[in-house]
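# Quick one, what's the 3D model for this:
(2 chains)
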There are 2 protein chains.
Amino acid sequence: MNDFQFYSPTEFIFGRNTEAQVGAAVRKHGGTRVLLHYGGQSAVRSGLLVRVKDSLAAAGIAYVELGGVKPNPRDTLVYEGISLCRREGVDFLLAVGGGSVIDSAKAIAIGVPYEGDFWDFYSGKSPAAALPVGTVLTIAAAGSEGSGDSVITKEDGGLKRGTGSDLLRPKFSILDPALTCTLPPYQTACGATDIMAHVFERYFTNTEEVEITDRLCEGVLLTMVRETPRVIADPENYDARANIMWAGTVAHTNIVGVGREQDWNSHGIEHELSALYDCAHGAGLAVIMPAWMEFVCTRRDPMRFAQAAVRVWGCQMDFAHPENTAMEGIACFRRFLHRIGMPVNFAELGAREEDIPVLVEKFGIGTGRTGGYYWLSAEDVTEIYRIAAHTPPVES
Amino acid sequence: MNDFQFYSPTEFIFGRNTEAQVGAAVRKHGGTRVLLHYGGQSAVRSGLLVRVKDSLAAAGIAYVELGGVKPNPRDTLVYEGISLCRREGVDFLLAVGGGSVIDSAKAIAIGVPYEGDFWDFYSGKSPAAALPVGTVLTIAAAGSEGSGDSVITKEDGGLKRGTGSDLLRPKFSILDPALTCTLPPYQTACGATDIMAHVFERYFTNTEEVEITDRLCEGVLLTMVRETPRVIADPENYDARANIMWAGTVAHTNIVGVGREQDWNSHGIEHELSALYDCAHGAGLAVIMPAWMEFVCTRRDPMRFAQAAVRVWGCQMDFAHPENTAMEGIACFRRFLHRIGMPVNFAELGAREEDIPVLVEKFGIGTGRTGGYYWLSAEDVTEIYRIAAHTPPVES
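Here you go, the predicted structure:
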């Protein structure tokens, strides 16, 4: 096991109607003047925004609003938010929405106290100060409600880049699973895929002897395997929604990833897809992650993939040919993704094989290599996109 | 799943030689004048205390010392610590040791700012303020390094009682698995048993549909089942020590217990044993926990015990007779405990069947019932002690 530091000081307030506690939570964590940050009209239509405002008003918290956050949140809105916060003397960022809204709020939070361009933090600089952030989560997916991470897309050129710091961990996150019961199946499945990817990218590691985090990873994955088809079949199943919501948070606070090298290439390779096609991040992951597994499994020790196959997918171990078990596990993953309505190849996603050179170019590793569990060259990334392009549809 | 609030703001600093960071950690979390609280001579002999003092001195942190914490920490030393802290103007409690030292430090921490008798908090009152506490952990067991709990024994009469509040969660905990490599096998096994009990007492629940916490519980238990015999066989196995140490923390921050009713009767029933005989808490749990399981399993739905048998102990499910699988799981637990050197009955623990009426009397539920998963009367508690007294030795 590697040395690590783990600091997750977010207060999680979980359960039905917990959004009514948001005003008190802002006050408890020192906010007096809030930027209420959200996305499109769904938070308005559902009445959630009104309930949040009522709770803020009841706690005597002033607020200004900035809606309009899009999936793959843009730098342009972040700049607007930074100006607004400075002008209005905002001292607390409240994100009401999913990962995009929270990531946008985090970008504003580090941008406000910084004299330079906030994009510096998405180009390698470490944040030194941030306004406090709180969240009211409306979709289980990105895990941003419990993480110190944020990903922003540059409007000009579609560059998608991330930053991370414990400074960006929310002060509180309000998790009401009932808010997710009205999500369409496709968005629900995209979120579930993202959650599973967050675990898998921690699971495939060269660090030996990390039984505790292996087992916690498998615990989250087993939960997702059981609960996701249940919400797809029965969207208003509160308990299944609740299990997925907490699994999504646990998946990304890093408690399942401490003490081990990780490998985030699938996320990186996917980011180019969602940046180019503006497709859902989870859908892109459904196409890329099994392709990455297929590529790496045959080039690296298949035992870790066989472990996932046996422990997560319930495959029988082929002791004479562990690589067969490993590949069977990847096939199980694709069947699962198909079952919950996710694409498994370029055609189903709406991506084009002829764009692969552009995708690889934007991935931008040149003649270098990138990775953790397995280090990929540009040729390797090309091959992973090709596998994703040529994967046959899952037979129903 | 039940509604819950989860707040674990402790900064965990994990790895080799992390105790050298203690001065900086105290400073970061606002301490300037520390009570250095510890137990017997082992922290002195090992040189740990000198390293801690050097780190404090290097960070410019003043300190006063109070050693002498015993297992099952006493109220008498807590009173002494409260007076010392007030007299010396201490603003930070630093516990160097295991659960007993940390629990004693937490008691002092809530006692100092309180005008009344600190024992009020161990008699039902909720703490309203506390000095900050930091820890340098020397044994994986109680989980107090990540919890808001503290258990203290009244010297006069041997009454053992607990309190809990997020106020008591340490600001930081330094976890160096190498510090535990010199622990004798018996103490190591007692600690491992305590860790497993912390998970089992969250696992047996009447709350339905809590897949995520079920799976996380099982993940911690599977880790303990693999790693504990490895450290007993090879005490200096750093990786096995590291897995157990982090498992012990995860087991008791409550991340594996949120959203579900819990049942802490085994801990309560054991407390009377360690209070009366001053035996190790973990050894008492090794005797009581399987007896509690045996008693409850035959009176309640055996399915949850069968689930543990299959998922944790790897038993084959007897679909025609789930109760057989359940009992086989309990037998596996006892064989495991015996294998790591733990007692499984009164004789092996040094307890006496004729003391059962005294134990039940001190347990103090009178004509009431206590529980969570299963509600016990005084007669039931008597029967559990009897099962523990009459359990045959495990055949080697």
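
# ok, now which ones touch the most centrally placed residue in chain A?
Centroid check for chain A by C-alpha atoms, centre = their mean gives residue A:142 as the closest residue, at 2.6 Å. The contact partners of residue A:142, by C-beta atoms under 8 Å, 6 or more residues apart in numbering or on different chains, come to A:98-100, A:102-103, A:191, A:194, A:248, A:252, A:281. Every residue, glycine included, has its C-beta placed from N, CA and C.

# if you set the cut-off to 6 Å instead, what comes out?
Going by C-beta atoms under 6 Å, 6 or more residues apart in numbering or on different chains, residue A:142 touches residue A:99.

# same check, this time on residue A:338
A:344, A:394.

# Return the distance of the least confident helix or strand in chain A by mean pLDDT from the chain's centre.
One helix or strand of chain A scores below all others by mean pLDDT, DSSP states H and E: helix A:42-45, with a mean of 85. Distance of helix A:42-45 from the chain centroid (C-alpha atoms, centre = their mean, to the nearest Å) equals 22 Å.

# Now do it: everything it contacts.
The contact list for helix A:42-45 (C-beta under 6 Å, 6+ apart) reads A:49, A:96.

# my guess is residue A:169 contacts residue A:10, does it?
Yes: counting by C-beta atoms under 6 Å, residue A:10 is a contact partner of residue A:169 at 5.3 Å.

# What about the closest residue to residue A:215 other than its chain neighbours, how many residues nearby?
Among residues not flanking residue A:215 along the chain, residue B:219 sits closest, at 3.5 Å (C-beta to C-beta, 6 or more residues apart in numbering or on different chains). Using other C-beta atoms under 10 Å in any protein chain shown, residue B:219 has 27 neighbouring residues.

# Give me the phi and psi for residue B:219.
The phi and psi values for residue B:219, taken as degrees, to the nearest 10, are phi -60, psi -40.

# Give me the pLDDT value at the nearest residue to residue A:185 once chain neighbours are set aside.
Once flanking residues are discounted, residue A:185 sits nearest to residue A:232: 5.2 Å by C-beta to C-beta, 6+ apart. As predicted, residue A:232 sits at a pLDDT of 97.

# check which helix or strand covers residue A:232.
Per DSSP states H and E, residue A:232 falls inside helix A:211-233.

# What residues sit buried inside that helix?
Buried residues in helix A:211-233, counted by 16 or more other C-beta atoms under 10 Å in any protein chain shown: A:211-232.

# do stretch A:271-282 as well
Of the residues in stretch A:271-282, A:271-277, A:279-282 count as buried by neighbour count, 16+ other C-beta under 10 Å.

# gap between it and the chain center?
How far stretch A:271-282 lies from its chain's middle: 13 Å, per C-alpha atoms, centre = their mean.

# what's in contact with that stretch?
Stretch A:271-282 is contacted by residues A:72, A:153, A:158, A:160, A:190-191, A:193-194, A:284, A:349, A:351, A:359, A:362-363 when judged by C-beta under 6 Å, 6+ apart.

# same deal with stretch A:50-65?
For stretch A:50-65, the external contacting residues (C-beta under 6 Å, 6+ apart) are A:19-20, A:22-24, A:26-27, A:33-36, A:88, A:96.

# how far does it stretch from start to finish?
Length of stretch A:50-65, first residue to last, C-alpha to C-alpha, to the nearest Å: 12 Å.

# Double-check that the residue nearest to the centre of chain A belongs to a helix.
No: assignment of residue A:142 by DSSP: H, G, I helix; E, B strand; the rest coil gives coil, placing it outside any helix.

# Relative to residue A:8, how far out is it?
Relative to residue A:8, residue A:142 is positioned 16 Å away (C-beta to C-beta, to the nearest Å).

# ok, now residue A:149?
According to C-beta to C-beta, residue A:149 stands 12 Å off from residue A:8.

# next one: residue A:334
Counting by C-beta to C-beta, the gap from residue A:334 to residue A:8 is 33 Å.

# for residue A:73, same thing?
Distance of residue A:73 to residue A:8, given as C-beta to C-beta: 23 Å.

# When the two are compared, which one has more neighbours?
residue A:73 (27 against 23).

# contacting residues around that one?
With C-beta under 6 Å, 6+ apart, residue A:73 has these contacts: A:100, A:103-104, A:152.

# On the three-state scheme, the residue in chain A sticking out farthest from the centre is what?
Distance from the C-alpha centroid of chain A peaks at residue A:320, with 37.0 Å (C-alpha atoms, centre = their mean). Classification of residue A:320 using three-state DSSP returns coil.

# pLDDT at it, what is it?
97.

# mind listing what it touches?
By C-beta under 6 Å, 6+ apart, the contact list for residue A:320 is empty.

# Repeat that for the one 3 residues further on.
When contacts are counted by C-beta under 6 Å, 6+ apart, residue A:323 touches residue A:302.

# tell me the secondary structure for it?
Going by three-state DSSP: residue A:323 is helix.

# One more: the one 10 residues further on?
Residue A:333 falls in the helix class when you classify it by three-state DSSP.

# Show me how chain A divides into domains.
Domain assignment of chain A by automatic domain parsing yields the ranges A:11-180, A:185-390.

# Dump those domains to JSON lines, plus distance to residue A:4.
Output for those, formatted as JSON lines (distance: least, C-beta to C-beta, whole Å):
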{"stretch": "domain A:11-180", "distance to residue A:4": "12"}
{"stretch": "domain A:185-390", "distance to residue A:4": "4"}
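
# for these, which one sits closest to residue B:121?
With C-beta to C-beta as the criterion, residue B:121 lies closest to domain A:11-180 of those, at 22.1 Å.
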